[in-house]
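J.: okay, here's the prediction I keep looking at, along with the sequence it came from:
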Amino acid sequence: MGTGEQLVTIAAVLLGALMTHLTNYAMERQRKKHELVTRWDTKKLDAYEGYIDRVRASIFLGVQLFEHRVGIRPSDKAEQEMLEELAEAARQRGRAFERIMLLGGDEVVEASHGLNAASLEVDWQATGKIAGRVEDWRERNRAVFRAINDFHEAARTDLGVDGSVMGEQHPERDLLLPPARRDDDSHT
């Protein structure tokens, strides 16, 4: 074998080694990138789930307080205790909202702002900071649940989940209300 043939063989071996190294580097980089995206998606899912859980907890505490205050369903708890529980739930909701601000995509952040505003109106009427009739209360609750659906939709899109929680296959649903003993909207 001549010197030229030996140089061609060495060059081919070096080129093969370089190509193997570059291929392995690219594959490892892609694997790490996928791992990072998956890790952030898990964090986002936890944040989204935690936020909705906190929002719903606030709503349910607000309902309990409002119904007690207007005499729809008196509670065994003292009003001050219910106010403190609602304040703590609102604080937890605020902390969960901050996680959304850190991790959420643009549409999710916007949806969470809308949900926060709707949820605060429920809190404010429950605590008496804003006045309203029972029908106003129901409309505020409808608005907050529409905002929850908007948040779900944005979160699903951000996470790459197929399908939709709204639209033709999922018509808008109204509040589930127990049958009224009387339909009197004169409550404060």
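T.: Right, received. Where do you want to start?
J.: what's the burial count for the closest residue in space to Ile130 that isn't next to it in sequence?
T.: Leaving aside its sequence neighbours, Ile130 sits nearest to Trp124 (CB to CB, 6 or more residues apart in numbering; 4.5 Å). All C-beta spots, glycine's among them, are computed from the backbone N, C-alpha and C. Neighbour count for Trp124, taken as other CB atoms under 10 Å: 15.
J.: remind me what the host helix or strand of Trp124 packs against, helices and strands.
T.: For Trp124, the enclosing helix or strand under DSSP states H and E is helix 106-127. Counting contacts by 3 or more CB pairs under 8 Å, 6 or more residues apart in numbering; DSSP states H and E, helix 106-127 is packed against helix 3-70, helix 79-103, helix 134-159.
J.: which of those helices is buried the deepest?
T.: Ranked by mean neighbour count under mean count of other CB atoms under 10 Å, the helices and strands packed on helix 106-127 are led by helix 134-159, which reaches a mean of 19.
J.: spatially central residue for the protein, please.
T.: Among the residues of the chain, the one closest to the centroid is Tyr48, at 3.3 Å (CA atoms, centre = their mean).
J.: OK, contacts around it?
T.: Contacts here follow CB atoms under 8 Å, 6 or more residues apart in numbering; on that basis Tyr48 touches Ile100, Gly104, Val108, Phe151, Ala155, Leu159.
J.: distance of it from Arg54?
T.: Going from Tyr48 to Arg54 by CB to CB, to the nearest Å gives 11 Å.
J.: and the contacts of the helix holding Trp124?
T.: Residues contacting helix 106-127 (CB under 8 Å, 6+ apart): 48, 51, 55, 58-59, 61-63, 65-66, 69, 83, 86, 90, 93, 97, 100-101, 104, 129-132, 136-137, 140-141, 143-144, 146-148, 150-151, 153-155, 157-158.
J.: give me the mean pLDDT for it.
T.: Averaged over helix 106-127, pLDDT sits at 96.
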